[in-house]
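Participant: fold the following.
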Amino acid sequence: MKQIILAITLGLASAAHAETAITVPFDGSFDDAAFAVESAIVGKGLVIDYVSHTGEMLNRTGADVGSDVELFKEADIFIFCSAVVSREVMETDPMNIAHCPYGIFVAENADGVMIGYREYPQGEMQKVQALLADIIADAVEN
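Facilitator: Have a look, this model is predicted:
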């Protein structure tokens, strides 16, 4: 029985690691992209709960963990939720709470500035993915 549970757990862990990021290049500066994303989120009537300055943290702590690799020049993650979409997906399956809150990142590396989000599972969570894609489209267009 323990072997079956372990196999199922490892299978689920592999599925969780299979998530990929969907990215869109941004023709402009990091600051312009961050402003565009913030404006697009707020423009949808959503509230940004938190902005994680992940790039600053990675750059600040690199030497502390024995690395001199610059992953990003800058990178922020905008964390927010949608009461409407969240309720829809969680009424279908309350365990979709595992995917909340949602995040859109803005990052700059040697290849340029990009905006993105993680890919969500098929089914109801595609409503969230569509919302994120719509927000990014608004940010890139403006």
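
Participant: buried set for the strand or helix carrying Ile22?
Facilitator: Taking DSSP states H and E as the definition, Ile22 sits inside strand 21-26. Using 16 or more other C-beta atoms under 10 Å as the test for burial, strand 21-26 gives Phe26. C-beta coordinates here come from the backbone N, C-alpha and C atoms, glycine included.

Participant: which helices and strands sit right next to that strand?
Facilitator: helix 30-43, strand 112-118, helix 126-141 (3 or more C-beta pairs under 8 Å, 6 or more residues apart in numbering; DSSP states H and E).

Participant: make JSON lines from these and add mean neighbour count to it.
Facilitator: Converted to JSON lines, the helices and strands packed on strand 21-26 look like this (neighbours: other C-beta atoms under 10 Å):
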{"stretch": "helix 30-43", "mean neighbour count": "19"}
{"stretch": "strand 112-118", "mean neighbour count": "20"}
{"stretch": "helix 126-141", "mean neighbour count": "18"}
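
Participant: closest to Cys100 out of these?
Facilitator: helix 126-141 (8.4 Å; C-beta to C-beta).

Participant: average pLDDT for the closest one?
Facilitator: Here helix 126-141 scores 96 as its mean pLDDT.

Participant: helices or strands up against that helix?
Facilitator: Using 3+ C-beta pairs under 8 Å, 6+ apart, helix 126-141 is in contact with strand 21-26, helix 30-43, helix 83-92, strand 102-109, strand 112-118.
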